[in-house]
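[1] Have a look at this prediction, sequence included:
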Amino acid sequence: MSVLEIDRLTAGYHRTIPTITEVSAVLTSGETVAVIGPNGAGKSTFIKAIFGLCIQHSGAVRLDGVSLTGQPPSKIVARGLGYVPQVSNVFAGLTVRENLEMGGYLQRREIRRRIEEVTEVFPDLRAALGRKAEQLSGGQRNMLALARALMTKPAFVLLDEPTAGLSPLYVDRVWAQVRQVAATGVGVLIVEQNARRALEAAQRGLVLVEGKVAMNRPSTELLGNPEVIELYLGGEGSASQPATTGEAS
Ligand SMILES: Nc1ncnc2c1ncn2[C@@H]1O[C@H](COP(=O)(O)OP(=O)(O)OP(=O)(O)O)[C@@H](O)[C@H]1O
C-alpha cells in the first residue's frame, strides 16, 4: 500500500504571496479524495503545487516517505504520481496509440502490454487507437488524458476537473472510469466543480476556502453537513448541481 502525504503545503504564483496556505492531506492506495470549494479557492493550484508546477513556499509532498518537493515533473512521474491537467491534456495531432506511447515512455519494452491493460478500462479508446486525438469528442479526449497518465502505472493520479465542459452522458462515463481506476488500487485526488458528485465518488472530501483547508472529513459526513449542503451542494434536496458556476481556470 502506498501513501501520498501533503504536509502543510504553501504555494502560489508569486515568490512572496501564496495562493494556498498550509494545506495538508493524506491519500492511500485505492482511496479517492475530492477537493471542493468556491471558484478561485485554490483547488487547481493545490494540484499543480503537489506536482511542482507552481512555486512551493514551504511544506512538503512525500510519496511513501520519499520527498517529491522540488523534484522536476519527470522525476515525480517516475516516483509514481500522475497528473491530468484540465486543458491541453492530449497531443491533438497524434493518434490515440501515439498519445498512449508518449505516456509510457518510461517502460518501452512493456508499452504494448500496457496499452492493452489500460484500454481494457477505456473501450472507446481501444476502438479508436488509430485515430487522431483531435478527432475524438471532448469526453473521449479526457479519457485519453487519464489513460495516458495511467501508462506509467502511477500509485496516485491528480485529476483537475476531468468532467469540465462535457455533456451529461460523458460526465457519467468519465466518473464511471474514475471509479474503475480507483478500484484497480490507484489513489485519486480529484478537483471538481460538481461537489455533490465528487463527494459521492470519494471517501474523503477536502473543502478549500481562500487557499486554506476549511474541512477535511469523510465524504458521508460532508454530504450530511448542513453548512456544506447550503454553501457547496446547492441547498438541501437539490439534485446533483454544480456548487458554483463560471469559467474554470
Ligand atoms: N497561472 C496563474 N498565475 C497567477 N495567478 C493564478 C494562476 N492560476 C490561477 N491563479 C489565481 O490563483 C487563485 C486560485 O485559482 P485556482 O484556479 O487554483 O482556483 P480554483 O479553486 O481551482 O478555481 P476554479 O474552481 O475557478 O477552477 C485565483 O485567484 C486565480 O486567479
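    In hand now; what should we look at? Numbers count the residues shown, from 1 in each chain.

[2] and Phe46, what is it in contact with?
    9, 11, 20, 23, 35, 191, 208 (CB atoms under 8 Å, 6 or more residues apart in numbering). C-betas here are computed from N, CA, C, even on glycine.

[3] Which residues does the second one form beta bridges with?
    The reference is to Ala11. Under the criterion DSSP bridges, Ala11 forms beta bridges with Ile20, Gln56.

[4] give the contact list for the residue nearest the centre of the chain.
    The geometric centre of the chain, computed from its C-alpha atoms, lies nearest to Leu159 (CA atoms, centre = their mean), at 1.3 Å. Neighbour list for Leu159: 47, 84, 146, 178, 188-191 [criterion: CB under 8 Å, 6+ apart].

[5] Show me those that map onto helices.
    Residues of the contacts of Leu159 located in helices (DSSP state H): 47, 146, 178.

[6] how much space between Leu233 and the ligand?
    Going from Leu233 to the ligand by CB to the nearest ligand atom, to the nearest Å gives 15 Å.

[7] now, which of the contacts of Leu159 sits nearest the ligand?
    Val191 (6.1 Å; CB to the nearest ligand atom).

[8] In this structure the closest one contacts Ser44, no?
    Yes: using CB atoms under 8 Å, Val191 is in contact with Ser44, at 5.9 Å.

[9] anything in contact with each of those two?
    Joint contacts of Val191 and Ser44 (CB under 8 Å, 6+ apart) are 160-161.

[10] who's more crowded, these two?
    Shown here are Val191 and Ser44; by other CB atoms under 10 Å, Val191 has more neighbours (26 against 20).

[11] Mind pulling up the pLDDT for Ser240?
    pLDDT for Ser240: 43.

[12] Low-confidence ranges, the chain, go.
    Along the chain, segments meeting pLDDT under 70 span 105-108, 235-249.

[13] circling back to that earlier point, check for me that the residue nearest to the centre of the chain belongs to a strand.
    Yes: according to DSSP: H, G, I helix; E, B strand; the rest coil, Leu159 belongs to a strand.

[14] Look up how far the ligand lies from it.
    12 Å.

[15] what residues does the chain put near the ligand?
    Within reach of the ligand by CB under 6 Å from any ligand atom, the chain has these residues: 13, 19, 37, 39-45, 248-249.

[16] And the strands in the chain?
    3-12, 20-28, 32-36, 55-63, 66-67, 81-84, 156-160, 187-191, 204-209, 212-218 (DSSP state E).

[17] Quick check: buried residues in the longest one?
    Buried residues in strand 3-12, counted by 16 or more other CB atoms under 10 Å: 3-7, 9-12.

[18] name the helices or strands packed onto that strand?
    Other elements packing on strand 3-12 under the criterion 3 or more CB pairs under 8 Å, 6 or more residues apart in numbering; DSSP states H and E are strand 20-28, helix 43-50, strand 55-63.
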